[in-house]
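>>> quick check, what structure comes out for this input:
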Amino acid sequence: MTEQPNITYVYYTSELQMPAIASLIEKDLSEPYSVFTYRYFINNWPKLCWMAMDGDKTVGVIVCKLDQHRGSITTNRGYIAMLAVDKEYRKQGIGSKLVSHAIENMKEDNCDEVVLETEITNTGALALYRNLGFVKDKRLCRYYLNGVDAFRLKVWLNPCG
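Alright, predicted model coming up:
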């Protein structure tokens, strides 16, 4: 893995960034999302949306949220909704850095655990998250619209939370 020195990381600050975010995610993820889905996450949790920039070009993005885990008044759960890195920029640590930036912001807000779903066939994502300490929590049958199963992955930041 070689890191590119000219990649900078910024979090969401303006609606002007939305087209680049949506374009990158639509290229890489199997699920279709409307602009309202992006806005739900990004407008409610802007500091949990990070972008990797190569100059003016958005080459990676992560979109997350943080709220109380349903059924619990004491567990704050982070959720990684979307992570995408431009194919030309993969294997350079960009995805890992985006996840790390988002999790650091979640920790500042007393996050206890972080979860996400990924296709069971997405070996790159499974390896990335495993290297960041995530474990398989459960298998979700036919979770995606394309009929593929998903793994729910989880990492505990505060096991006693």
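>>> so what's the residue count around Phe41?
Number of residues near Phe41 (other C-beta atoms under 10 Å) recorded here: 20. Yep, even glycine has a C-beta here, placed from its N, CA and C like the rest.
>>> how close does it get to Leu66?
Taking C-beta to C-beta, to the nearest Å as the measure, Phe41 and Leu66 are separated by 10 Å.
>>> overlap in contacts of these two?
In terms of C-beta atoms under 8 Å, 6 or more residues apart in numbering, Phe41 and Leu66 are both contacted by the residues Leu48.
>>> let me see the backbone angles for Asn131.
phi -70, psi -20 (degrees, to the nearest 10).
>>> just give me the neighbour total for it.
Other residues lying near Asn131 total 10 when counted by other C-beta under 10 Å.
>>> from Ile62, how far off is Gly78?
From Gly78 to Ile62 the distance is 11 Å (C-beta to C-beta).
>>> ok, Asn43 next?
Distance, Asn43 to Ile62, using C-beta to C-beta: 16 Å.
>>> and the two? Which one has more around it.
Set side by side, Asn43 and Ile62 show more neighbours around Ile62, with 28 against 12, by other C-beta under 10 Å.
>>> quick check: that one is in a helix.
No. Looking at Ile62 with DSSP: H, G, I helix; E, B strand; the rest coil, it is strand, so not inside a helix.
>>> what number of residues lie near the residue lying closest to it once chain neighbours are set aside?
Spatial nearest neighbour of Ile62, excluding adjacent residues (C-beta to C-beta, 6 or more residues apart in numbering): Leu98 at 4.1 Å. Leu98 has 25 neighbouring residues, counting by other C-beta under 10 Å.
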